[in-house]
Each structure stands twice: as structure tokens, then as C-alpha cells.
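> quick one: sequence and predicted model below, then my questions.
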Amino acid sequence: MSARHTRIDTGLGELTFVADGDELIGLYFPGHWYPPKPEAIGPYVEAAGDALFTRTADELAEYLAGRRTSFDVPVALHGDDFQQRVWALLREIPHGVTTTYGALAAELGNPALAQRVGQAVGRNPVSVIVPCHRVVGSDGRLTGFAGGLERKQFLLELEEPAEVKAGRLF
């Protein structure tokens, strides 16, 4: 394992990027719900000297500026089989679209798994890039986000289709 990490100032605040080899394995907010163990993130490196971190920062900046709707940076997600299935579904949620934990559970074949889906979504190690922010409660309310509900709201508004924004009264 050749893990390493860096910290980048972004429009979402300072984020910690973690990589292993040529793949991003973590993107964490300050106060993240399930941060990695310090020994799992490897040494600190300067982002400017690391091609993967530079690429990730550039893609994230393009996304936050509204010039990118998906990410091309290589990602490796480490979790159990159920988490992997949930995270694969997250990657299929289109930009500007939301779904619910229950809908994801139904896609997995059992609507009763909504709470377990929520737990897997909450453990997504690569927030934003694997778009867990696009999952909302069954009533449309914002629920759980490792980066905080304010950031989740910001990301959803950033992705909101122009016709929806135009129809809003606020």
C-alpha cells in the first residue's frame, strides 16, 4: 500500500484527499463522520507535486464552478459487498437528480433495507465524487451527510437544473 494524503482548500472548505497508488480512496470534510484512521492515510504530501491530487483538485474546482457534471479521476472504494453495491448505485445517479434511501433499497431488491442503505451511504469514503449528496429522505428532506447538511444543500443547489431554479420564488 502506498497511501498518502494532502489537504486542499476548496469551495467546500478544507478537504483531505487520500490516495493509494494511482487511485483516490478518500475525500473527507473536517469533522467527517467516519474519518480514516491516521495510520491508513499515509504521509502528508504537497498536492502540487502529486498528479492525482492535482487532477482531483482541478476536477473538483471545475465541478464547483458549474463546468463539470461528473468526475474522471480514478477511484477505488474499499468496503464490504453491500457497501460496494450501494456505492455503485450512487455513481449511477445523474447530475441534478435526487433519489431516496428507500428507492436505492428497492433497486437492491428489498425496500426494507433503506436504513442499511443509509448506513452504507454515510460510509461513502469519496464524498461528492461518488455523489452521496444526491440521496434524500423519503419525504424529500435533507438527511445525513458527512460534510454537514449545509454542504449537502449547497451541492444540490449547485446541481439544480436551470428550469427548476427559474421557477423558484426565492
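Sure thing, it's come through. Just so we're clear, the structure is a prediction, and the values are computed from it rather than from any experiment.

> report the buried residues of the helix ranked longest in the chain.
Taking DSSP state H as the criterion, the chain has its longest helix at helix 51-64. Buried positions in helix 51-64, judged by neighbour count with 16 or more other CB atoms under 10 Å: L52, F53, T56, A57, E59, L60, Y63, L64. (Glycine included, C-beta is placed from N, CA and C.)

> could you do stretch 137-146 as well?
Neighbour-count burial for stretch 137-146 [16+ other CB under 10 Å]: T143, G144, F145, A146.

> got the contact list for the residue most central in space within the chain?
Nearest to the geometric centre of the chain sits S127, at 1.9 Å (CA atoms, centre = their mean). Contact partners of S127, counting by CB atoms under 8 Å, 6 or more residues apart in numbering, are L27, Y28, F29, H32, H133, F145, A146, G147.

> can you rerun that using 6 Å?
The neighbours of S127, taking CB atoms under 6 Å, 6 or more residues apart in numbering as the test, are L27, A146, G147.

> cool, C132 as well?
C132 sits in contact with L90, V121, N124, where contact means CB under 6 Å, 6+ apart.

> as a check, name the ranges of all strands in the chain.
Here the chain has its strands, by DSSP state E, at 3-10, 13-20, 23-28, 99-100, 135-136.

> the fourth one pairs with which strands, and in what direction?
Spelled out, that is strand 99-100. Using DSSP bridges, strand 99-100 pairs in its sheet with strand 135-136 (parallel).

> what does the partner strand contact?
Residues outside strand 135-136 that contact it (CB under 6 Å, 6+ apart) are T98, T99, T100, V121.

> got JSON lines for those residues, with neighbour count too?
Formatted as JSON lines, these follow (neighbours: other CB atoms under 10 Å):
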{"residue": "T98", "neighbour count": "17"}
{"residue": "T99", "neighbour count": "17"}
{"residue": "T100", "neighbour count": "18"}
{"residue": "V121", "neighbour count": "24"}
